[in-house]
Structure formats: structure tokens, C-alpha cells
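Visitor: I need the structure of the sequence given here:
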Amino acid sequence: MLKLREGVLKMKIYIANDHTGVEMKNAIVKFLESEGHEAVNLGTDSAEAVNYAEYGKKIGLAVANDKGSFGIAICGTGIGISIAANKVKGVIAGLVYEPQNAAITRQHNNANIMATGARQIAVQKAVECVKSFINTPFEGGRHEARVNELLGMEGETK
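Guide: Presented below is the predicted three-dimensional model:
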């Protein structure tokens, strides 16, 4: 993160979507750029059907390999793309439909990817969720051990 202006940090935020989330993605990118953040589009720009899992993997890898960055993942429900992103080591993707959930997924879970559903919430509510997500810090403390346990589970088979 880079200092943009007094008290405000510029962030790199990856955004990936399937065909259902093009409109939502565009609105979120517009919001992020208006706030001075760098929005990196990893999603489709077409309404032609694509595989959400491909885009979940793409955003997961981008965020995992760029420490300190965040991701926004969008599919019809947000469920499939969040599952795909969570398969990538180092990713904690949380599914949110409300700004309060977005804040909690950062505060308590230290999520680095916010997932949502283009068929589940209005575009403006998604923008509000993103704003809440990127502006809420991880609380640490009692949550630290739980998050470390989640990250420690990666790759376990027994």
C-alpha cells in the first residue's frame, strides 16, 4: 500500500468476475478508481458464459502472490468463486451480502478477498460492501490464533 494523500492509503485491488458480474465489476472499478486505488481487472467483460472457477483461481493466485493486496470476486451467488479462490494457499475469501458482513470478514477473519453475488444484491449495495471491506482493518488479538489455524489447514488431507 502506498500513501496517496493525508491519511488515505492507495491499495492494489484485484477484481475478477464471471459473466453475471460484468455490470457490478464495472461499478466497483469506477468506485475504487474514484477513491484513488488501483483496480486490476482479471474478470471477463462479456456476457458470454464462462467458468467462475477459472476466475476464482485467477484472483486467488493474484492476491496470494501480491502480499498486502485485496481482491473482489463476483459470480452469480458469490459462492462458487469464493470456493475456488479459497483453494489457493494464502487466501481467505469471505462471502458477503451486507456492509456489516464485509467489515466482520476483515475484522475477525482477516479476509483478503471479498466475494459477492451479482444475482443476490444490488450493484450499489455491492459498492457499499467493498467500501466497508477495504476500510476495515483486521482486529487481531483473539482472532489471530483462529486465522492462523485456518491458514494452517491448507493442504491437509487427514
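
Visitor: How confident is the prediction for Leu2, by pLDDT?
Guide: Here the pLDDT value assigned to Leu2 is 41.

Visitor: Ok, Glu139 next?
Guide: Glu139 is assigned 86 on the pLDDT scale.

Visitor: Now it. Nearest residue, chain neighbours left out?
Guide: Closest residue to Glu139 apart from its sequence neighbours, by C-beta to C-beta, 6 or more residues apart in numbering: Gln107 at 4.5 Å. For every residue, glycine as well, the C-beta is placed using N, CA and C.

Visitor: cool, and Gly155?
Guide: Lys89 (6.9 Å).

Visitor: give the contact list for the one you found.
Guide: By C-beta atoms under 8 Å, 6 or more residues apart in numbering, the contact set of Lys89 is Ala64, Glu154, Gly155.

Visitor: In those, which residue is surrounded by the most others?
Guide: Ala64 (17 neighbours; other C-beta atoms under 10 Å).

Visitor: Okay, the nearest residue in space to that residue that is not next to it in sequence and Gly71: tell me how far apart.
Guide: Nearest non-adjacent residue to Ala64, counting by C-beta to C-beta, 6+ apart: Gly90, 3.9 Å away. Distance of Gly90 to Gly71, computed by C-beta to C-beta, to the nearest Å: 11 Å.

Visitor: When the two are compared, which one has more neighbours?
Guide: Taking other C-beta under 10 Å, Gly90 and Gly71 do not tie; Gly71 has more neighbours (29 against 13).

Visitor: where does the protein have its least confident helix or strand?
Guide: The weakest-scoring helix or strand in the chain, judged by mean pLDDT, DSSP states H and E, is strand 2-5 (a mean of 44).
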